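>>> here is my input; please provide its structure:
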Amino acid sequence: MAKKRSSTIWLLVIGASLVGAAVWGRDYVTGGSEISRQIEGAKVERGDVRISVIERGNLKAAESVTLKSELEGQSTVLWLIEEGKLVQPGDLLCELDTSGLVDRQVQQEIRVQNAHAAFVKAQQNHAIQQSQNRSDIRRAERELRFSKLDLEKFKDGDLPQELQRLDEDILIADEELSRATQDLKWSEELASRGFLEQTQLETDRLSKTRTEVRHRQAQRAKELYESYEVPRRTEELEAEVDEKMSELKRVKLQATARIADYEADLRSSEATYNLEKSDLAKLEKQIDGARLIAPVAGMVVYAVENEGRWGGGEPMQEGRSVRERQDIITIPSAEGYVAEVSLHESVLEKVTTGMPCLVTVDALKEAFAGEVSFKAVLPDQQSRWSNPDLRVYRTVVRVHERDPRVRPGMSCSVEILVDELDDALYVPVQCVFFDAAGAVCFVAGGGEVEKRPVTVGANNGRQVVIESGLEEGEVVLLSAPAGRLMPAEAGDDEDAGSWDRARSEAGQSAPEPTKQRRSSGREERSYPTGAPGASPTGRRPSSFGSARTEERSKGVSAHKGGEPPAGVEAAARTGGEPGGLPPGEGSEHEPNAEKAPPAREN
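So this is what the prediction gives:
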């Protein structure tokens, strides 16, 4: 009996399974029309739409004093003041290990003394050489001056005097010859008369001959002096002058060369001495800088060093090694705070400096007014470690209001108010679809569904402004009926092409897609994560919002061949809505909303 009852139960289970499979197969073949009928539409509404960008960020002091390690190389923190303690100017905050620096200081003092001795020696040698050069130059100039005087003396003194002497010798010789000739004449006349002896006559004749010889010798002496001695002596004296001039030049050149060696030695020794003194002063400054003193009053905050590929790091603590120029302690000022956020490139052009902002501090649950004070020109390089395809730009928002409860490092949500559209016609982003004809909506009415082209405007990630094509109060579907979307051009993914066209019509720049290949072999474009309406995986759905709500709600596929829709596949991987923003990724206010939507987590 028990066996028969068990068999009956199994037969009922198998039958129910077959019936269920048949029903599922019918729904699968018909495209889930019954499920589609259960999806509700959304009304076209008119009202104020706030266009804003919401990002996560952290608070930090607008102005702060950061104390860094001034010690070269690695050093160790010996003592560190407690974090959060209020200090006054002059208080000791940190002390670094300087044992190695003290040993280097002693050795450096010895090198300074040796360099000073070499410098003094070089100074003395330079002074001695300068004195020697001056003496050598003065001696050479004196010898040149003497040689010029000798030449001048010969030409203007010795030469005329010697010529005059030779002329006088000739003149005397002439007078003596004339007298001897007269005496001989008188002696010959007296001798012819017998009044003079023959011996006396011969003596007179000899005297005449002697005077003639003297006369000829005087003439030849003058001729020889003028012909040979004068040119020779002149040339000797002129050559002596030239030689002394050359000697003076050589002495000056030698003095320049010798003093150049000593000057180079002096400069080298002076530079070495100054370098050694500079190194000693640097060591002394580093030893003094090992004691970090508070320059201003404030609260002590330990610096956290970003380490490794994924960022993050350990806070400062005693015994930790620090490198040169590494931040150790920060003393923030209580005069004001700023919020640092990272803007994705897809919303970068929406934000400009000076835009108003609302900064909501998570810990206080309060919002403070602020404005964008800085927007980076280049993307943040640190974000590429976590995602090479991600491009975010550092943005600073200054908080206008002050609150003593605000602390540096608090997390916050920053809403940047881009624009306020008054009396705009809008629908949820899930209601706009794209095909080869452009943006379309499916309007439900009278038991029929009308496919109607629309012109879309700005969107805030939740609502999209309809510029034309719809009327207020009409109902538009949140999911496209099966088979109603026209395929896109061959070779392109219809979803990606539709998104590009929508962004172009809305006056926004679309992010550059990158093609990926699915497991089925079909190419699929992916967009950077963080773009409005993008899933964390980077895939762009077929509409601004959920294009496959029907399949997501029932968990079945409306595609033939058993392949799940792209939106369901993305939702299964990310946990978000297919074709729409992931949970909590709404970036702007809903129209007429009193509270800001949840902020997107960075």
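>>> state the pLDDT value of the most centrally placed residue in the chain.
Among the residues of the chain, the smallest C-alpha distance to the mean C-alpha position (C-alpha atoms, centre = their mean) belongs to Leu378, namely 12.5 Å. At Leu378 the predicted local confidence, pLDDT, stands at 90.
>>> grab the nearest non-local neighbour of it.
Once flanking residues are discounted, Leu378 sits nearest to Tyr393: 7.6 Å by C-beta to C-beta, 6 or more residues apart in numbering. To be clear about C-beta, it is placed using only N, CA and C from the backbone, and glycine gets the same treatment.
>>> give the buried residues for the host helix or strand of the one you found.
In this structure, Tyr393 is located in strand 392-399 according to DSSP states H and E. Within strand 392-399, the residues that count as buried by 16 or more other C-beta atoms under 10 Å are 392-399.
>>> can you tell me how far Thr66 sits from Ser383?
Plainly put, Thr66 is 23 Å away from Ser383 if you go by C-beta to C-beta, to the nearest Å.
>>> more neighbours: these two, which one.
Neighbour comparison, Thr66 and Ser383: the larger count goes to Ser383, with 18 against 12 (by other C-beta atoms under 10 Å).
>>> what's near enough to touch that one?
By C-beta atoms under 8 Å, 6 or more residues apart in numbering, Ser383 lies in contact with 342, 390-392.
>>> once you drop chain neighbours, what's closest to Thr181?
Counting by C-beta to C-beta, 6+ apart, Thr181 lies nearest to Lys208, which is 5.8 Å off, once chain neighbours are set aside.
>>> what are the phi and psi values for that neighbour?
Comment: the main-chain dihedrals of Lys208 come out as phi -60, psi -40, following degrees, to the nearest 10.
>>> then Ala115?
Dihedral angles of Ala115 (phi, psi; degrees, to the nearest 10) stand at phi -70, psi -40.
>>> so it touches Ser278, yeah?
No. In terms of C-beta atoms under 8 Å, Ala115 does not count as a neighbour of Ser278; the distance is 11.0 Å.
>>> compare these two (neighbour count), which wins?
When neighbours are counted by other C-beta under 10 Å, Ala115 comes out ahead of the other of Ala115 and Ser278, with 19 against 11.
>>> any idea how far the more buried one is from Asp279?
10 Å.
>>> now Gly336
Gly336 sits 42 Å away from Asp279, taking C-beta to C-beta as the criterion.
>>> so what's the residue count around Leu93?
When counting by other C-beta under 10 Å, one arrives at 19 neighbours for Leu93.
>>> quickly find the element holding it.
strand 92-96.
>>> in TSV: the contacts of Ser383, plus pLDDT.
Compiled in TSV, the contacts of Ser383 are given as follows (pLDDT from 0 to 100):
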residue	pLDDT
Ser342	92
Leu390	85
Arg391	88
Val392	92
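>>> of those residues - the most surrounded one?
Note: the member of those with the most neighbours is Val392, at 22 neighbours, neighbours being other C-beta under 10 Å.
>>> in the stretch 301-450 of the chain, which spans are helices?
For the stretch 301-450 of the chain, the helices defined by DSSP state H, counting those that start in this stretch occupy 383-386.
>>> which stretches of it aren't confidently modelled?
In the prediction, the stretch 301-450 of the chain carries residues with pLDDT under 70 at positions 306-313, 334.
>>> any low-confidence regions in the stretch 1-150 of the chain?
In the stretch 1-150 of the chain, residues with pLDDT under 70: 1-40.
>>> just the strands in it please.
Assignment of strands within the stretch 1-150 of the chain using DSSP state E, counting those that start in this stretch yields the ranges 41-43, 45-61, 64-68, 75-80, 86-87, 92-96.
>>> ok so, going back, between the strand holding Leu93 and strand 64-68, how many degrees?
Angle between the axes of strand 92-96 and strand 64-68 is 30 degrees (criterion: axes from the mean of the first three to the mean of the last three C-alpha atoms, to 10 degrees).
>>> show me what strand 92-96 is packed against.
In terms of contacts (3 or more C-beta pairs under 8 Å, 6 or more residues apart in numbering; DSSP states H and E), strand 92-96 is packed against strand 75-80, strand 291-293, strand 327-332.
>>> tell me the domain ranges of the chain?
As given by automatic domain parsing, the domain ranges for the chain are 31-59+338-602, 64-97+302-332, 101-289.
>>> endpoints of the last one, how far apart?
Counting by C-alpha to C-alpha, to the nearest Å, you get 11 Å between the two ends of domain 101-289.
>>> next, the angle strand 64-68 makes with the helix or strand Tyr262 falls within.
Under the criterion of DSSP H and E, Tyr262 resides in helix 230-289. Taking the same axes, to 10 degrees, one finds that helix 230-289 is oriented at 110 degrees with respect to strand 64-68.
>>> returning to that earlier point: closest one to Pro295 among the domains of the chain?
Nearest to Pro295, of all these, is domain 64-97+302-332, at 5.8 Å by C-beta to C-beta.
>>> centre of the chain versus that closest one, how much separation?
Its chain's average C-alpha position is 25 Å from that of domain 64-97+302-332, according to C-alpha atoms, centre = their mean, to the nearest Å.
>>> which ones are touching Glu188?
Glu188 sits in contact with Leu201, where contact means C-beta under 8 Å, 6+ apart.
>>> right, I mislabeled it, should have said Gln219
170, 173.
>>> now it: which helix or strand?
For Gln219, the secondary-structure element it belongs to, assigned by DSSP H and E, is helix 198-224.
>>> buried ones in that helix?
The neighbour-count check on helix 198-224 (16+ other C-beta under 10 Å) flags 201, 204, 207-208, 211, 214-215, 218, 221-222 as buried.
>>> could you check the angle that helix makes with helix 230-289?
Here the directions of helix 198-224 and helix 230-289 differ by 40 degrees (the same axes, to 10 degrees).
>>> pLDDT of helix 198-224, averaged?
Helix 198-224 carries an average pLDDT of 87.
>>> ok now that helix, how far from the chain's centre?
110 Å.
>>> do stretch 209-225 as well
101 Å.
>>> next one: stretch 399-417
Counting by C-alpha atoms, centre = their mean, stretch 399-417 is centred 31 Å from the centre of its parent chain.
>>> ends of it, what's the gap?
The first and last residues of stretch 399-417 sit 14 Å apart, counting by C-alpha to C-alpha.
>>> pull out the buried residues from it.
399, 406-408, 410-417.
>>> who does Val427 bridge with?
With DSSP bridges as the criterion, Val427 is bridged to Val464.
>>> wait, it sits on Gly469?
No. In this structure, Val427 is not within contact of Gly469 by C-beta under 8 Å, at 10.2 Å.
>>> anything in contact with each of those two?
With C-beta under 8 Å, 6+ apart as the test, Val427 and Gly469 both reach Cys441.
>>> okay, those two: which has more neighbours?
Val427 (27 against 18).
>>> report the contact partners of the more buried one.
Taking C-beta under 8 Å, 6+ apart as the contact definition, Val427 lies against 42, 44-45, 441, 463-464, 466, 470, 476.
>>> closest one of those to Ala255?
Closest approach between those and Ala255, by C-beta to C-beta: Val464, at 91.7 Å.
>>> which residue packs closest to Glu162, ignoring adjacent ones?
Looking at Glu162 with C-beta to C-beta, 6+ apart, the closest residue is Tyr225, at 6.3 Å.
>>> can you put the buried residues of helix 198-224 in CSV and add distance to Ile328?
Listed next are the buried residues of helix 198-224 as CSV, based on distance: C-beta to C-beta, whole Å:
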residue, distance to Ile328
Leu201, 136
Asp204, 131
Ser207, 126
Lys208, 127
Thr211, 121
Arg214, 116
His215, 117
Ala218, 111
Ala221, 106
Lys222, 106
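>>> who's in contact with the strand holding Leu93?
By C-beta under 8 Å, 6+ apart, the list of residues contacting strand 92-96 reads 67, 69, 71, 75-81, 87, 290-294, 300, 322, 328-329.
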